[in-house]
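J.: Quick one: sequence and predicted model below, then my questions.
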Amino acid sequence: MTLAIDLSKISKSFPGVKANDDINLKIKEGTIHAVVGENGAGKSTLMKILYGMLKQDEGTIKIFNDEVNFSSPKDAISKGIGMVHQHFMLADNLSVLESIILGMDKASLKVLNKSKYTEEINEITKKYSMPLNTLSMIDELGVGEKQRVEIIKVLFRGAKILILDEPTAVLVPQEVNELFNNLKNLKDSGVTIIFISHKLDEVLEIADEISVMRGGKHIDTVDANTVSKTDLAEMMIGQNLPTPPKREQNSIDEKSLIINNLTAEEENGRKAFSNINFSINQGEVVGIAGVEGNGQRELAEAILGVYPVESGEIILGETTINDLSTRDRREYGLSFIPEDRQSQGLLMDVSLSENVILGKQSSKKYKTKYHNIKFNEAAVNSNVVIENFDVRTPGNETLALALSGGNQQKFVVGREIENKPSLLIASQPTRGIDIGAQSLIWNKLRDARDNGLGVLLISADLDELIGLSDRIFVIYEGSFVKELDPEEASPELLGSYMTGLKT
Amino acid sequence: MKLSLKFTTLLAPVFALIVAFGLSTVMLYLIGEDPIETFKIMYDYGKTGKSIVSILNRSVPLYISAVAVAVGFKMGLFNIGVESQYLMGALLSAALGAAVALPSIVHISLIIFVAILTSALWAAIAGYLKVKKGVHEVISTIMLNYIGTGISAYLLANIFFEKVELSTTAPQTDLLPETARIPSLNGVLGIEDLPNLHGFIVGAVFVGILYYWIVWKTSLGFDLRATGSSPIAAKFSGANPGRLTILAMMISGGFAGLVGMAPLTGYFFKYTTDFPSGLGFAGITVALLGRNHPIGMAFGAILLSFLERSAQILDLYDVPKEIEKIMQAVIVLSVVVAYEVVKRYVTNKQIKEASKVVADG
């Protein structure tokens, strides 16, 4: 069998980190080859090198036995390598056809031969059984379809080797099945697929061979048919996969939050969410499951007070907070872990010692009666957060941007919990972080709940939702369509409510 | 580690100055002048008592203008309108100050208060437009500069100045009475033989302290800096971006109102068509030079004033004094580049240390 890719002795260093350390990797033509590893294991760096986005410090790359030297993705594409990024690179206001041919031709004043391109695209979609309407606009498409556009786009450019970076991160289980069917079709037609993931179940299902990376090193390449999940997990992290802690009923019949008939409109008049009703007891975690973009983000932001509400009531403890500013809501005991720690939860170019103040800069906690900030207090408290939440940092004077994602997240979670709230909104609290940080955050959230904290948990990680929540609501197109007991919920069941298959 | 960090930050301007002098040397050499000799002439002239007084006097409004710009910068707002803000403030306070008779302290306070208020309100327009109508502050403050200049010219010529038939006197407000003038410091310092050192230099020091306190010590300042660092994180933390924008523009404008106070109460005593202009734009340069730091900007203002003053001697030695403008620009560029280099160095160093901790732990 021919080797599609043959990497030998690839090394790449960044300041302070050896991202890839002497990597040898052989990928056979016409197979699905998974690359697994925790965040920071060096998967992305390796793929960026393979796709010409980064240059290796040492080592050689052979594509179909030809030694290559890429200086940009353009070179990689010309050798038949295509990459589908985790975050789609599509413009909403283009049609499928336009998105696929975008950037193909040199800019000229010639009229585009759209019918010719349409034919060519239809040929490809038929060949690989991946139906697409070339006239649809991108913003009309679902996540799965957008991903299909990205894949077709790459195939249209003649890719023989397809790199998929965490392709299932944005999909619900049903869409994952569809993607896997597509990938099998592609494989049968001779396309080589590199599948980057850290979800072991998926990898075992789809891949022929699995390469495990850890700490920038290539640990091993194994046959997917013979390896067990436990073995993979051990190779990946050196210990068993943690699962969210088991829960015991703990809720007290004192309300932490009551939402009555809450409705909000988007700027274009569409309802962001409508007639939302639920409550959270003290000592209870209420989870919200939903495909991204179904109103859960807006709901969380409405409770925080940064998204305008049209009608309904938000009651925090015993206070109706509709008319209160975000600042006052925080003063009344609301804490918020935002979904994007870097742009929403931290000041990246500021020290941890000052970052601990964020959210409480106008509260008595950090403000004297002369409106001065208590920086000494902040320094002490930042150390408390660092200590209690195991934030790995040289000290509290370190800038937030210097920390790894997991440590940044631990700091944000720690700050919000150490503020001793009465309600915590946790939006994607463990997204994109390593397993160690994840299990610490899970434990801390459970401890806080056991101590009587009400938590609203919004997560795309369905295992996390099932493992942490006392009750789960499914949100679909801005409405709660189902309440589930996590004991009875499976990712598949949640997925079918989340996509509107079941109501 | 903290100390070495501070030390590296201090190295940046020193390094920048060396580079700037190096480049200026090359330039002087290329136009056929003796660089060493030129610098020596400039230095000798700049260090005379007369020159030092003149340099300090120039520095005062320049510094205050830089502070006004820096307040906006700290929040990510680019207030280019300091120019018209201070001119409007100076005009109205000059006109009012000349029209009333009050005890000295009250009189001076009133003039300063009117200047601050006028400039702050004028700046608030740009804040309001940004918050309510989404107009970028760069566009609105540039336009407000034109409008403000026009309004001032009209007010000066038609309202505050009585035109006498056949007279060639340029439009000007009436002279401020003695009670409205801030005395010089020469008596206090025992330098009666030198030109007047304006008393408002004390005001500039006070402005620097006030600026430092607001931006670095108060919760309002924390909101400003947080918004400058990450607008969304600041908003999620409870800062109200609309209110902050208008407030920051008003504080910036308020400081701008003080820019004209040194010339007005120190030596012009009236607003005329040749009242010092351009200080608002020069303030941007000084803010860049001093990296919005209260002490850095003081050095920046003094350095630029020194160059301007000492360049005056060059004509006598047949050295084109335009060289001074080039030196100014080269210094600013060098400083900007040097700080960027240092910033990256510090960031990388921190990332390295942080990842070491992770690896060890």
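T.: Received, thanks. Residues are numbered from 1 along each chain as shown, chains lettered A, B, ... in the order given.
J.: At the contact with chain A, which residues of chain B appear?
T.: B:1-2, B:5, B:217-223, B:225-226, B:229-230, B:232-240, B:347-348, B:350-358, B:361 (C-beta under 8 Å from any C-beta of the partner chain). In this view, the C-beta of every residue, glycine as well, is placed from N, C-alpha and C.
J.: What's the PyMOL line that selects buried ones from those?
T.: Here is the PyMOL command that picks out the buried ones among the residues of chain B next to chain A, judged by 16 or more other C-beta atoms under 10 Å in any protein chain shown:
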select buried, chain B and resi 217+218+219+220+221+222+223+225+226+229+230+232+233+234+235+236+237+238+239+240+347+350+351+353+354+355+357+358
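J.: Now intersect the residues of chain B next to chain A with the helices, please.
T.: B:2, B:5, B:219-223, B:225-226, B:229, B:232-236, B:347-348, B:350-358 (DSSP state H).
J.: pLDDT below threshold where in chain B?
T.: B:1-9, B:358-361 (pLDDT under 70).
J.: isn't B:Ala124 right next to B:Met249, touching?
T.: Yes. Contact criterion C-beta atoms under 8 Å: B:Ala124 and B:Met249 qualify, at 5.7 Å.
J.: So for the two, which sits in the more crowded spot?
T.: B:Met249 (32 against 19; other C-beta atoms under 10 Å in any protein chain shown).
J.: And the next helix or strand past the helix or strand hosting that one?
T.: Applying DSSP states H and E as the criterion places B:Met249 in helix B:241-259. Counting by DSSP H and E, the element after helix B:241-259 in chain order, helix or strand, is helix B:261-263.
J.: and the following helix or strand past that following helix, how far out from the chain's middle?
T.: For helix B:261-263, the succeeding helix or strand toward the C-terminus, using DSSP H and E, is helix B:279-289. Computed by C-alpha atoms, centre = their mean, to the nearest Å, the chain-centroid distance of helix B:279-289 equals 5 Å.
J.: by contact count, what packs against helix B:279-289?
T.: Packing partners of helix B:279-289 (3 or more C-beta pairs under 8 Å, 6 or more residues apart in numbering or on different chains; DSSP states H and E): helix B:49-74, helix B:82-99, helix B:241-259, helix B:294-311, helix B:323-360.
J.: Can you tell me the closest non-neighbouring residue to A:Lys74?
T.: Of all residues not flanking A:Lys74 in the chain, A:Gly52 sits nearest, at 7.2 Å (C-beta to C-beta, 6 or more residues apart in numbering or on different chains).
J.: Now do the strands in the stretch 151-300 of chain A.
T.: Assigned by DSSP state E, counting those that start in this stretch, the strands in the stretch 151-300 of chain A fall at A:161-165, A:192-197, A:209-214, A:217-223, A:252-265, A:271-282, A:285-289.
J.: I'd like to know which of those strands lies nearest to A:Val176.
T.: strand A:192-197 (10.8 Å; C-beta to C-beta).
J.: That closest one pairs with which strands, and in what direction?
T.: Here strand A:192-197 is paired, per DSSP bridges, with strand A:32-36 (parallel), strand A:161-165 (parallel).
J.: Kindly compare burial across the ones you listed and name the winner.
T.: strand A:32-36 (a mean of 26; mean count of other C-beta atoms under 10 Å in any protein chain shown).
J.: Okay, angle between that one and strand A:209-214 too, please.
T.: 20 degrees (axes from the mean of the first three to the mean of the last three C-alpha atoms, to 10 degrees).
J.: Look through the stretch 151-300 of chain A and state the residue closest to chain B.
T.: A:Gly215 (8.8 Å; C-beta to the nearest C-beta).
J.: One more: the stretch 351-500 of chain A?
T.: Counting by C-beta to the nearest C-beta, the stretch 351-500 of chain A gets nearest chain B through A:Ala402, at 3.8 Å.
J.: in the sheet, who's paired with A:Ile337?
T.: A:Ala426.
J.: Ignoring the adjacent residues along the chain, who's closest to B:Ala282?
T.: Using C-beta to C-beta, 6+ apart, the closest residue to B:Ala282 is B:Leu62 (5.7 Å).
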